[in-house]
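Peer 1: missing the sequence, but the structure's below:
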């Protein structure tokens, strides 16, 4: 009798237990399922999104110019994109309901990646060489700032428009001497194509006076206004995913490999570690936590952007970044 009463009581408690409704939140990445995307898949598998009441699905992308319109149109409530591309999009589409709410790449991965054997080790070496650059590439968009800051004469560089799929192969085959791209992606792609590591030169634009920010979590502002708790919960889960990835990058990559089994775990772990070391876990982030931006640096970034882009309206930093959705419970500390 006691046994039956216990079983009935347990069953009754299960029936009475509240069911937490899960809100569907599709998340648009800017690129393929590679190492730097691992923290989001880890957050998914670790239950961090579920704990916030979110049913998150992650979609790959084809660059920031693909991800931003997806969020602006409401097809995706959240995404991941370059904030500099976002500035231009908002200038060209005034009033579009999209903004950045969490900085992820405090130091942008924009880079010129060359081969030492082809004579490229420093910015000045690019003159009288062929540079492969995909026209929609975020790094290529910032190249004029890089050229101005380093004093190189861009007119003495032959620019070869290339597609994203052919960019690294063209450098590996010696058809161009350097390319523009994200430092970690291009470097690891070249190594995968057989280019020796000691032949690869990485000129990270941020190390040569380019004061811009990089990729951020972006939101549809109409969705965010109606669902502020959902956005904050999403950002909290993202921060937890990155914190775990910093502590154990290999474990985070395991979650990525489940979605991209053709990927090389060692290569993607190295790619993730490069992003952590060069772009995410900067001195500013160590001191201030993940997600926020420095107002003075944002002003400087806008001024540099004016060198390469003519704004139709006066740029307004408040349109590009809104820190009000960031969690205030200490979850943004990554160490």
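Peer 2: Thanks, I have it. None of the values given here were measured: they were computed from a predicted structure.
Peer 1: which parts of the longest helix seen in the chain are buried?
Peer 2: The residue-count maximum for a helix in the chain (DSSP state H) belongs to helix 228-247. Neighbour counts over helix 228-247 (16 or more other CB atoms under 10 Å) mark 230-246 as buried. Using the backbone N, CA and C atoms, a C-beta is placed for each residue, glycine as well.
Peer 1: Could you name the helices and strands sitting against the helix or strand that that helix is followed by?
Peer 2: Sequence order places helix 249-259 as the next helix or strand after helix 228-247, per DSSP states H and E. With contacts defined as 3 or more CB pairs under 8 Å, 6 or more residues apart in numbering; DSSP states H and E, helix 249-259 has these neighbours: helix 38-45, helix 228-247, helix 265-275.
Peer 1: which helices and strands sit right next to the second one?
Peer 2: Counting by 3+ CB pairs under 8 Å, 6+ apart, the packing neighbours recorded for helix 228-247 are strand 23-28, helix 38-45, helix 48-51, strand 54-59, strand 98-103, strand 215-220, helix 249-259.
Peer 1: what's stretch 310-320 in contact with?
Peer 2: Under the contact criterion CB atoms under 8 Å, 6 or more residues apart in numbering, stretch 310-320 has outside partners 83, 86-87, 90-92, 94, 99-100, 295, 298-299, 302, 305-306.
Peer 1: gap between the two ends of that stretch?
Peer 2: 16 Å (CA to CA, to the nearest Å).
Peer 1: Same question for that stretch: list its buried residues.
Peer 2: Result for stretch 310-320 [16+ other CB under 10 Å]: buried residues 315, 319, 320.
Peer 1: same deal with stretch 149-167?
Peer 2: 149, 150, 152, 157, 162, 167.
Peer 1: ok, now which ones touch the closest residue to residue 66 other than its chain neighbours?
Peer 2: Excluding its sequence neighbours, the residue lying closest to residue 66 (CB to CB, 6 or more residues apart in numbering) is residue 30, at 7.0 Å. Going by CB under 8 Å, 6+ apart, residue 30 touches 61, 63, 64, 66, 67, 79, 80, 81, 82, 215.
Peer 1: What pLDDT is listed against the residue nearest to residue 44 when sequence neighbours are not counted?
Peer 2: Using CB to CB, 6+ apart and skipping the chain neighbours, the partner closest in space to residue 44 is residue 56 (5.9 Å). At residue 56, the model reports a pLDDT of 98.
Peer 1: how far away is residue 56 from residue 47?
Peer 2: Between residue 56 and residue 47 the computed distance is 11 Å (CB to CB, to the nearest Å).
Peer 1: Which stretches in the stretch 101-250 of the chain count as strands?
Peer 2: Under the criterion DSSP state E, counting those that start in this stretch, strands of the stretch 101-250 of the chain are mapped to 110-115, 130-133, 158-161, 178-182, 200-204, 215-220.
Peer 1: Partner strands of the fifth one, with direction?
Peer 2: Here strand 200-204 is paired, per DSSP bridges, with strand 110-115 (antiparallel).
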